[in-house]
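Novice: kindly return the folded structure for what I paste below:
(2 chains)
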Amino acid sequence: MKTHRDPAAGDGRTDHDLVYAARDGDTIAFDALFYRYRDGIFRLGLAITKDPSAAEEIVVDTFARAHRALARLEPDASLRPWLYRVAVNLSYNRRPRKGVVLSSLDDAVDEPLANEDGSPSHLAEQAELRRVVLGAVDELGPKHRLVVMLHYLNGLNLTEIAEVVDCPVGTVKSRLHYALRRLRTHLAAHPELGIEPSRQVVATGLRAPKPITAPVPLEGE
Amino acid sequence: MKLFSRGCESGEAAYLIAAERLGGRERMALEVHAASCAECADALRNSRPLDAALRSAFAPLRERRTIIAPGRVRLAVGPRATAATNPWLRAPRFVARLAEVSVMVGVTLFAVGSSMDFSTRQPPSPTAPRSVVQEYFRVQPPMAEIDYVRWLRLVKADASSSVADPTRLPVGGRFDYEPVEIAKDPGASPR
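Specialist: Numbers count the residues shown, from 1 in each chain, chains lettered A, B, ... in the order given. Presented below is the predicted three-dimensional model:
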């Protein structure tokens, strides 16, 4: 298992403090911000461009812009959505051309997870399911795909996603709901995922809906 | 009767229940609602496996890391802005740029100046003695064939006025000999 030492882990300062310190010329503070967000921005750039070298350039360009904008940055506002917004804009400018197929995401999917055990056939099956799900995500429109990636890949909540994509929270909710509904329609064809077809399909007589037999457990239980 | 039913509006919350991590009270309310709404019950039942499938699919990507160092950002940003605001710190750069510009201007002037012709050709003095020999050779046609053709084209117009003996030059429609006319005498014998 690979271990990565994060230089920002030991820095307990908040983004607010680090931005103020970086404004005063504290390069260590800026480096701490860099180490704190570089991986997330790299993943987002990789998911959009599917090119690791382009994703690295996006990281560098994003923080270069942040460095130039230090004087204008409002430390009271959250830095993370601002960085992701810049990264999204840069990523869409560097998207691969039509017809150019890059397989970096598939390579990542093939790698077993650190906490994943089992036989090689089980691991291969899990990798195949991941590939199916990511393929279904790729079938979404760009706005819906971006919302799904920001939420499930970068772990942003709906408010932060709304800041990144510059639209109301209700619009983000609607996009995420629409994306999940479409994903459900796509993924219902794979019974091993445990997802049933939507009610519109059921209404045509394919299968009857199951009643709720047990309440969904509460969060944290 | 609803002609265009949009479905239950709680269905959106049912899909987002796993994604948004609703609070316990909201979740309970939604589950109570789902007991009487088939659409929300269906969405609620499938939101969790869908959420789990997405989290599992993105899990390998969440483990991807990069090893870029912040030095690359400093390289991309360039020299610090504080150095540019201090005029004394800008002096060496200004002197260096001034030297560059001076060299550029000097080289350019040298190149342009050497390509221009500054020769001062004095007009012939009226008091200089005329050389009859030079004038004679000046009006003579060149010996080489190509030079002769050029000379013929260039000096043809004014050659007639400058040549003292027009019968010696094949210009102006005159030749140094009379053109031979072929006598068409049917009774003449060949030479």
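
Novice: low-confidence ranges in chain B?
Specialist: Screening chain B residue by residue with the criterion pLDDT under 70, one finds the ranges B:1-23, B:79-86, B:118-128, B:156-191.

Novice: walk me through the domains of it.
Specialist: B:10-62, B:132-168 (automatic domain parsing).

Novice: what's the answer for chain A, then?
Specialist: The record's domain split for chain A, according to automatic domain parsing, is A:11-96, A:119-198.

Novice: tell me if the last one is near chain B.
Specialist: Spelled out, it's domain A:119-198. Yes - if you take CB under 8 Å from any CB of the partner chain as the test, domain A:119-198 does meet chain B, through A:126, A:129-130, A:133-134, A:137, A:148-149, A:151-153, A:157-158, A:173-174, A:176-177, A:180-181, A:183-184, A:187, A:193-196, A:198. Every C-beta, even on glycine, is put in place using the N, C-alpha and C of the backbone.

Novice: which among those residues count as buried?
Specialist: Of the members of the residues of domain A:119-198 next to chain B, the ones counted as buried by neighbours, 16 or more other CB atoms under 10 Å in any protein chain shown, are A:126, A:129-130, A:133-134, A:137, A:148-149, A:151-153, A:158, A:173-174, A:176-177, A:180-181, A:183-184, A:187, A:193, A:195-196, A:198.

Novice: quick one, which of the domains of chain B gets closest to chain A.
Specialist: Comparing these by their distance to chain A (CB to the nearest CB), the top pick is domain B:10-62, with 3.6 Å.

Novice: so for the residue most central in space within chain A, what's the nearest residue that isn't a sequence neighbour?
Specialist: What sits nearest the mean C-alpha location of chain A, by CA atoms, centre = their mean, is A:L153, with 2.4 Å. Counting by CB to CB, 6 or more residues apart in numbering or on different chains, B:F58 is the residue found nearest to A:L153 once chain neighbours are left out, at 4.8 Å.

Novice: confirm for me that the one you found is in contact with A:L150.
Specialist: No - under the criterion of CB atoms under 8 Å, B:F58 makes no contact with A:L150, lying 10.9 Å away.

Novice: number of nearby residues for A:V86?
Specialist: A count of nearby residues for A:V86, using other CB atoms under 10 Å in any protein chain shown, gives 20.

Novice: do A:L156 as well
Specialist: For A:L156, the number of neighbouring residues by other CB under 10 Å comes to 22.

Novice: what do you get for the one 5 residues further on?
Specialist: Counted by other CB under 10 Å, the residues lying close to A:I161 total 25.

Novice: ditto for B:R150
Specialist: Residue crowding around B:R150 was assessed by other CB under 10 Å; the count is 12.

Novice: which residues sit in contact with A:A87?
Specialist: Remark: with contacts taken as CB atoms under 8 Å, 6 or more residues apart in numbering or on different chains, A:A87 is in contact with A:I41, A:L44, A:G45, A:I58, A:V59, A:T62.
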